[in-house]
Structures are given as structure tokens and as C-alpha cells.
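Peer 1: I need the structure of the sequence given here:
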Amino acid sequence: MSLFDIHNLYLSVILLNELKLTFLDFFQLTKMRLALSVVFSSIAGYVLAADSISFASILLLFFGGYSMVGASNTFNQLIERDKDSLMERTLNRPLPKKRINTSFAISIGVLLSVFGFMFLYFLNLKTAVFGLLSIFLYVLIYTPLKKITPLSVFIGAIPGAIPYMLGWVAYTGSFGIETGVLFLLQFFWQFPHFWALAWIFDDDYKKAGFKMLPTGRKDRASAFQIIFYSIWTILISLLPMTKYTGKLNISFFGGFVVLICGLIMLIFAFNLMKNKTVDSAKNLMYMSIFYLTSVQIVYILDKYLIN
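Peer 2: Prediction:
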């Protein structure tokens, strides 16, 4: 091998490493795992509504949903880049570490917003508009309120609840009792999930001046609120059993499975109130993810296999 070949190989390795770093930074900036979980909710809502599934529509929903969530997360990290540098779990993000400059991050956020709107617009205008609304609420209202009041969680739960119902709207082009139930289910679910997360990272949040737990402390009152909203989540998840929720229905068996999953989550919530430990909060957080995913899957399987 000549010196010229070695030089070219060396440059190729450097280029590949830079590309790898760029992609990793992009995925970190857009919070890939969170974005994919949100996209899953949207697709679950679409499949629930659909009489016949269009894979082209699912692709539009996937890329449109990821773009919208990615834009929200990008703008959020731009606003909080100084705060992120104070917290252990966020200090290695691209903006605090200056691996990406603010101008480039703004460009990414704007482009993702535009592409997201375009992808969702091909489904229908209502889906695209509500996608933009979720960005507005998350970035311009929820993000600034985090430093002021724990009530920010209630505002943040609105854009967090939109994706599930958005999948239904993407197929039907309309709102109804079905979209209301899907919205409320994911809205109430976010409180036990997010407050469990806030319990885990309470010390980090306090370093940055964020007020996330309902009482501001890891105490019995905060744990009680988690239990309260867990119960509401379970009750709402069972509404489709009543057959008063339009086309969104589940069988008795499907409802039984959903109830069991909910009761298990509730046990974890009571365990947090009893122990008040970070480990208990972690268990609840993971269980809440399992619960929501299970409910979404059970709804779909029940529609196509039982109803």
C-alpha cells in the first residue's frame, strides 16, 4: 500500500467518524427514543381508526411525526442549553458541549418544522395544524413555565397527548368522541410517568431551577398525586368497553387485560408512596411505559382479532 493510499484511508476514517458524530448529535438533539415512542402512538391511533391501512400514509405519519417532535426537542434544547449544562443527565448534549452551534440548531429546528408540516399536510390539514400546535405549546409555553411553576407539567401534557389522537385524525380527517378518549388517556397517563421521572432526577432539576414535582418535594403528597392520576388513567382506558365511545370499542376480554396492566401500574405507584425511593420511581417509570404500550397494542389486537 502506497503512502497515497494510506493518506486516503486515513481521511476516509476521519470522515466516517465525523459523519457518525453528526448523526449521533442529530439523534440526541431530536431525542430519538422519545420521538420514536411518540411516533408509535400516532401510528397506533391511525391503525385504530383505519378500515384499510395505507403504508404510504403510515410513512407520512412516521416522518411527519418524527420531524415535529424533533423540532420541538431541538427548540427546547436551544432555550435550555445553559440549564442543560448544569444537569448531569443533559450536560453531554450537543449544545452544552458546543458540538453544534446555535445557528445550526435553529436551522435544524426550522427545517424539521417545515418538513413535518408538509408530510402531515399530505394526510390532511387538521393533522398538520395540530402538529404545529404541539410545537407551539411545548416550546413557547411549557418550556418557559418549567422555571416558574409545577403547573407546567399540565401544559406539557397537552402536546404530549396530541400524537395518539392525531393518528386517528390523520385517517378520518375529523374529531369525535374517539379522539377525545385517546387524548384524555395519554394526557392523564403523562402525570404518573413524568412525575416518576421528575422524582428520579429531582436533584438535577433543582440545580437548573426547574419546578417539576407537584409539591416541589419527594413526599407523600406528590406520591398521592401520582396515584390519583394513575387511577384516572385506568378509568379512561376502560371507557371503550362501554360502547359509548363511537368506533373506538374493546371487548370485555380486551378491557380485562387493560385493567390488569393498569392495576399493576397502580401497585407500583402505591409502592412509590410507601418507600419514596428513587428505585421505586424508576420501577414506576418503566412500568408506565410498559402500560401505555400494552394498552395501545391491546386496543389494536382487540379491534382486528376480536371485535
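
Peer 1: need the residue closest to the centroid of the protein.
Peer 2: Centroid-nearest residue in the chain, with Cα atoms, centre = their mean: residue 38, separated by 4.5 Å.

Peer 1: now do the contacts for that residue.
Peer 2: Contacts for residue 38 (Cβ atoms under 8 Å, 6 or more residues apart in numbering) come out as 65, 69, 160, 163. All C-beta atoms are positioned from the backbone trio N, CA, C, and that covers glycine.

Peer 1: and what of residue 290?
Peer 2: Here residue 290 is in contact with residue 261 (criterion: Cβ under 8 Å, 6+ apart).

Peer 1: send the alpha carbons of stretch 31-40 over as CSV?
Peer 2: Presented in CSV, the C-alpha positions along stretch 31-40 are these (Å, rounded to 0.1, in the frame of the first residue of the first chain):
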residue,chain,number,x,y,z
LYS,A,31,-34.3,12.9,21.3
MET,A,32,-34.7,9.9,19.0
ARG,A,33,-36.0,7.5,21.6
LEU,A,34,-38.7,9.9,22.8
ALA,A,35,-39.5,10.9,19.2
LEU,A,36,-39.9,7.2,18.2
SER,A,37,-42.2,6.5,21.1
VAL,A,38,-44.4,9.5,20.2
VAL,A,39,-44.5,8.3,16.5
PHE,A,40,-45.5,4.9,17.7
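
Peer 1: just to revisit the earlier point, identify the farthest-apart pair in the contacts of residue 38.
Peer 2: For these, the farthest-apart pair by Cβ to Cβ is 65 and 160; their separation is 12.9 Å.

Peer 1: now what about stretch 71-79, what contacts it?
Peer 2: Identification of contacts with stretch 71-79 by Cβ under 8 Å, 6+ apart yields 29-31, 34-35, 84, 93-95, 102, 105-106, 108-110, 112-113, 116, 134-135, 138-139, 143-144, 159.

Peer 1: now, of the residues you listed, which are buried?
Peer 2: 29-31, 35, 84, 93-95, 105, 108-109, 112-113, 116, 134-135, 138-139, 143, 159 (16 or more other Cβ atoms under 10 Å).

Peer 1: how near is residue 132 to residue 212?
Peer 2: Distance from residue 132 to residue 212, counting by Cβ to Cβ, to the nearest Å: 26 Å.

Peer 1: compare neighbour counts for the two and give me the winner.
Peer 2: When residue 132 and residue 212 are compared for neighbours, residue 212 comes out ahead with 22 against 15, by other Cβ atoms under 10 Å.

Peer 1: check which helix or strand the nearest residue to the more buried one once chain neighbours are set aside maps to.
Peer 2: With sequence-adjacent residues excluded and distances taken as Cβ to Cβ, 6 or more residues apart in numbering, residue 212 is closest to residue 198, at 3.8 Å. Using DSSP states H and E, residue 198 falls within helix 177-200.

Peer 1: and the next helix or strand past that helix?
Peer 2: Using DSSP H and E, the helix or strand that follows helix 177-200 in sequence is helix 202-208.

Peer 1: buried set for the following helix or strand past that following helix?
Peer 2: Using DSSP H and E, the helix or strand that follows helix 202-208 in sequence is helix 220-237. The neighbour-count check on helix 220-237 (16+ other Cβ under 10 Å) flags 222, 223, 225, 226, 229, 230, 232, 233, 234, 236, 237 as buried.
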